[in-house]
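Novice: here is the input, now give the coordinates:
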Amino acid sequence: MRKSTRIARFAAVVLPALLISTQSGAQSQSLLSAEALAAQIEALKRDYEGRLQALESQLSALKARSDRADARPAAPAASAKPAPDRAFNPAIGVIFDGRYASFTADESAIPGFPTGHESERAPEGLSLGHSEVTLSGNIDDKFRGNLTLGLGAHPGEATEVELEEAYVQTLPGAGLLEGMRVKAGRALWTFGYLNELHPHGDDFADRPLPYRAFLDNAFNDDGVEASLVLPAEVYAEFGGGLFRGDDTPFGGSDNGLRARSLYARVGWDMGRDAAVRVGAYLLDGESSGRGGGGHGHEDEHAGEADHEDEHEDEHEDEHAHEDHEDEHGDEHGEERAAFFSEGAFTGDTRLYGIDFRFTLAPTGNARDSELIIQGEYFWRREDGTYALAEEGEEEEHLEELRTDSIAHGWYVQGVYKPAPSWRIGGRYARLSAPGGSGIDHESYAYGMMVDWTNSEFGRIRLQYNHENLDGREKDNQIILQYVMSLGAHAAHSF
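Specialist: Down below sits the predicted model:
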């Protein structure tokens, strides 16, 4: 019993002492760990400060080396490494435009309008049509250049080489206002929708009647043009130009600055899959002996034979009688119309134009399916004199007709793409003769086409046209055309 009491007393004294001793040791170890951690942190700080100082020293050395290099004089151009030759080569493209054509009428002259060289009907049968060679590229960081040569191949005649375009235009980095562009030289200038396009870019194998009658297919005089696209939510473009005045609808410029233009056009989206663009245009200028007449390359021998037949029998048939009246003068008949068709015009010409274009991608992707509807309206006023040489007389013996005439024409067309490679389209055009010409009928034409496009570089088209230009003879035409592009191929505008 005594022994147990002594053990209990010993435990009561020793155990609390042991507990106190253990807690004191734990606190001591905790204090030692905190001091070690603080020391490690200080060591890391010193290490990173040393590294930062080393990096800053290296950066200072690099800056000093760069400054010394900039201060050195520039090396002469001859010592520089030459750039590869291909950096200065322009992009070269070739357009092949061949066709087969069949017509039921002998001629396609438009009464009251001169039939220019470019607006003539294609030769019948197989022909090469109108091929092009184009060179284009950036001149430097501020200018771009373009050269287009047209190759006209007419059966039985030497191939003609024509300078269609030769111009330079500014690039966005030229220092002009944002959205501004200047083009100078010879170009397909801004007037309507089709005028800026080369014929191979059209949706049909030929140009509509208003382009043939008023512009000889296209206006590409020598000149300069400036345009400005406004920074707006909708597309808005304004511009104008000054031109020499030697190309249709003008001619015979005596000082090289006889024509000018103004235009404005806007466009906007209609939902996600449709868009529309409309424009208004003006061409104004003076002509001095603007040439007319002649039907060029088609049916020349037939025309000579008809002329001989007129003198054999004036009353052979109705057409011979009309030709007889034309020779001897019926002021209200075809002789008066001849002034406008074949005479030389001197005076003022003002041509207005309005165009619209609507595009719709029914599936949301124009590459798969697309509908395009477009149209243009032209209105021309001429104030001046037509001079016509009498048949068989000297050139100085001329008949003159004073006129202040108005003529107008329009067309509308639609093209639908049901599949990526196939398109179908239709077009209708109408044209009124100049007032005072004695022509009381309107020329009209309609056509239908289907084309197959293997790629953006190749297209084959079949087209049917029906024309009634003189109010009497109807012309049914079949045209089978291929348009192939080799090399660089410029993108088409909206």
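Novice: is it true that residue 480 touches residue 122?
Specialist: No: applying Cβ atoms under 8 Å as the test, residue 480 and residue 122 come out as separate, 11.0 Å apart. All C-beta atoms are positioned from the backbone trio N, CA, C, and that covers glycine.
Novice: settle it for me: which of those two has more neighbours?
Specialist: Shown here are residue 480 and residue 122; by other Cβ atoms under 10 Å, residue 122 has more neighbours (22 against 15).
Novice: shouldn't that one be in contact with residue 152?
Specialist: No: the pair residue 122 and residue 152 does not pass the contact test of Cβ under 8 Å, sitting 10.9 Å apart.
Novice: can you point out the buried residues in the helix or strand hosting residue 382?
Specialist: Assigned by DSSP states H and E, residue 382 belongs to strand 370-389. Across strand 370-389, burial judged by 16 or more other Cβ atoms under 10 Å covers 370-372, 374-382, 384-389.
Novice: strand 370-389 and whichever helix or strand comes after that strand, what's the angle between them?
Specialist: Sequence order places strand 398-419 as the next helix or strand after strand 370-389, per DSSP H and E. Our comparison of strand 398-419 with strand 370-389, counting by axes from the mean of the first three to the mean of the last three Cα atoms, to 10 degrees, yields an angle of 170 degrees.
Novice: mean confidence score for strand 398-419?
Specialist: In this model, strand 398-419 carries a mean pLDDT of 95.
Novice: show me which residues of it are buried.
Specialist: Buried, per 16+ other Cβ under 10 Å, within strand 398-419: 401, 403, 405, 407-417.
Novice: what of stretch 339-356?
Specialist: 339-349, 351-353, 355-356.
Novice: how far is it from where the chain is centred?
Specialist: 24 Å (Cα atoms, centre = their mean, to the nearest Å).
Novice: could I get the CA-only coordinates of it as PDB?
Specialist: Taking Å, rounded to 0.1, in the frame of the first residue of the first chain, the C-alpha atoms of stretch 339-356 are listed here in PDB:
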ATOM      1  CA  PHE A 339     -26.500  61.800-141.500                       C
ATOM      2  CA  PHE A 340     -26.600  60.200-138.000                       C
ATOM      3  CA  SER A 341     -25.300  56.800-139.200                       C
ATOM      4  CA  GLU A 342     -22.500  57.800-141.500                       C
ATOM      5  CA  GLY A 343     -21.900  61.600-141.100                       C
ATOM      6  CA  ALA A 344     -19.200  63.400-139.200                       C
ATOM      7  CA  PHE A 345     -20.500  65.200-136.100                       C
ATOM      8  CA  THR A 346     -19.100  68.500-134.700                       C
ATOM      9  CA  GLY A 347     -20.700  69.800-131.500                       C
ATOM     10  CA  ASP A 348     -21.400  69.000-127.900                       C
ATOM     11  CA  THR A 349     -22.300  65.500-126.500                       C
ATOM     12  CA  ARG A 350     -23.600  64.800-123.100                       C
ATOM     13  CA  LEU A 351     -24.300  61.200-122.000                       C
ATOM     14  CA  TYR A 352     -26.000  60.300-118.800                       C
ATOM     15  CA  GLY A 353     -26.100  56.800-117.300                       C
ATOM     16  CA  ILE A 354     -27.900  55.000-114.400                       C
ATOM     17  CA  ASP A 355     -27.100  51.400-113.300                       C
ATOM     18  CA  PHE A 356     -28.200  49.000-110.700                       C
END
